[in-house]
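Trainee: After the sequence you'll find the predicted model.
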Amino acid sequence: MNNVLEVIDVTVRFGGVTAVAGANFTMKKGELLGFIGPNGAGKTTLMRVITGIVKPQEGHISLDERDLSSLSINERINCGLALAQQIVQPFQDMSLLDNVALACGSTKTRNAIKSMFYTDRSEERQRAAELLHMVGLEDAANSMPSTLPLGYLKRMEVARALALDPHLLLLDEPLAGLNQNEARGLADLIQTLNNNGQTILLIEHNLREVMRICPLLYVQDNGRPIAYGPSKEVMQIAEVRSAYLGKAE
């Protein structure tokens, strides 16, 4: 089976500080990988390397066996990468349906001139309605973002990312800021998406939910990879428990 994502010997330095040192892991189609580590572990930096915001000094990233090194953020998206960001920034003057429909029409809006000739949005709105149903927001489709709680907006952000039909879905701390019930519900959704075949890299601090839904873990501490493998086995490693939980058992 071909790898969807390969992170090979990635090292990132900012001046004299090494933010990521020799990151290494692969993901196959249909996997759900939890990426965890304490604050300052370099998770955000590595995520930015994958999306193309940060260029590593060493190593490379490939998606579907295509080297991403020379590709821009937009080109990586076109290759099948999508990111649901931790801080949701919807268009406040558009309903949830239209926020997602805009993402559904991304292939039509890449060229500003050509986009002027596309006035029929019925296809995109239908697809947006399907995605909102998928994430449990069909009843809020016509609501404005300012009227909805954070849990709804987090689900909308997932729907916008899914609108790109990604080969790999990156979720950057989607459970942050949610209460226990909201976090569990969104984690259940992530697991369902994965069960339906979506390959997902989940960057998250909520260890309880990560352990509940992720079969695999990749762990960093101080920018350095310390474990990668089946979740239960990884959490039995003393170095992981010491780094992430603050104690070794």
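Mentor: Ah, there it is.

Trainee: Tell me which residues touch residue 229, please.
Mentor: Residues in contact with residue 229, defined by C-beta atoms under 8 Å, 6 or more residues apart in numbering, are 216-217. (Glycine included, C-beta is placed from N, CA and C.)

Trainee: bridging residues for it?
Mentor: Bridge pairing for residue 229 (DSSP bridges) gives the partners residue 217.

Trainee: now it: how far from residue 34?
Mentor: According to C-beta to C-beta, to the nearest Å, residue 229 stands 11 Å off from residue 34.

Trainee: overlap in contacts of those two?
Mentor: 216-217.

Trainee: which residues in this protein form helices?
Mentor: Using DSSP state H, the helices of the chain run over residues 43-51, 73-78, 96-104, 106-109, 112-115, 122-134, 150-162, 180-195, 207-213, 231-234, 238-245.

Trainee: Least confident secondary structure element in the protein?
Mentor: Ranking every helix and strand in the chain by mean pLDDT, DSSP states H and E puts helix 112-115 at the bottom, with a mean of 48.

Trainee: picking that back up, where among the helices of the chain is average confidence lowest?
Mentor: Mean pLDDT values for those show the minimum at helix 112-115, a mean of 48.

Trainee: Let me see the domain layout of the chain.
Mentor: Taking automatic domain parsing as the reference, the chain has its domains at 1-80+168-249, 90-165.

Trainee: residues contacting the nearest residue to residue 188 once chain neighbours are set aside?
Mentor: Nearest non-adjacent residue to residue 188, counting by C-beta to C-beta, 6 or more residues apart in numbering: residue 213, 7.7 Å away. Contact analysis of residue 213 by C-beta under 8 Å, 6+ apart lists 32, 34, 187-188, 190-191, 194.
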